[in-house]
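**Q** Below is the sequence, then the predicted model.
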Amino acid sequence: MLRKAVIQRISGQVSALGGRVYEESLAPGDATRPYATVKLATSARVEEDPFTSYQPIEVRIYGDRTSFGPLDEIEQSVVAALDGAEVTDSGDGSTHLLHWGPGGGDFSDEAKQLIGRLTVFATAIVVKTEV
């Protein structure tokens, strides 16, 4: 449900996407461009704290093979919408503070004949323990 919260946040905050934000690999083949997808990548442990891990969130912004300029502008809007934002997981009610992180960049999707920008965010996942 974290994915759903991120999708809703982007849809509500980034008007250039016109609500066209999908789960990774689930955008319709004829989706109007530009559009974005959200993927929850494999979580990783924080080495200094065995009770905490982080959840990477990948946002891919797709567009026609004309220019990366419009995708760069949309990326800035996505970063503004998500970096430092709190989103609530409707499944378990947990709140996640999102942070923009390293990674990302330009890519080309040959199968879809589109270009894109990858932007990476993360949120902490704290393991609840009994003391």
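**A** Arrived safely. Residues are numbered from 1 along each chain as shown.
**Q** who does the lowest-mean-pLDDT helix or strand in the chain pair up with?
**A** In the chain, no helix or strand scores lower on mean pLDDT, DSSP states H and E than strand 44-45, which sits at a mean of 74. The strands beside strand 44-45 in its sheet (DSSP bridges) come out as strand 52-63 (antiparallel).
**Q** what's the following helix or strand after the strand it pairs with?
**A** Downstream of strand 52-63, the next assigned helix or strand under DSSP states H and E is helix 69-82.
**Q** Please list all residues in contact with Gln55.
**A** Counting by Cβ atoms under 8 Å, 6 or more residues apart in numbering, Gln55 touches Leu2, Leu40, Ala41, Ser43, His96, Ala122, Thr123, Ala124, Ile125. Yep, even glycine has a C-beta here, placed from its N, CA and C like the rest.
**Q** nearest residue to it other than its sequence neighbours?
**A** Ser43 (4.8 Å; Cβ to Cβ, 6 or more residues apart in numbering).
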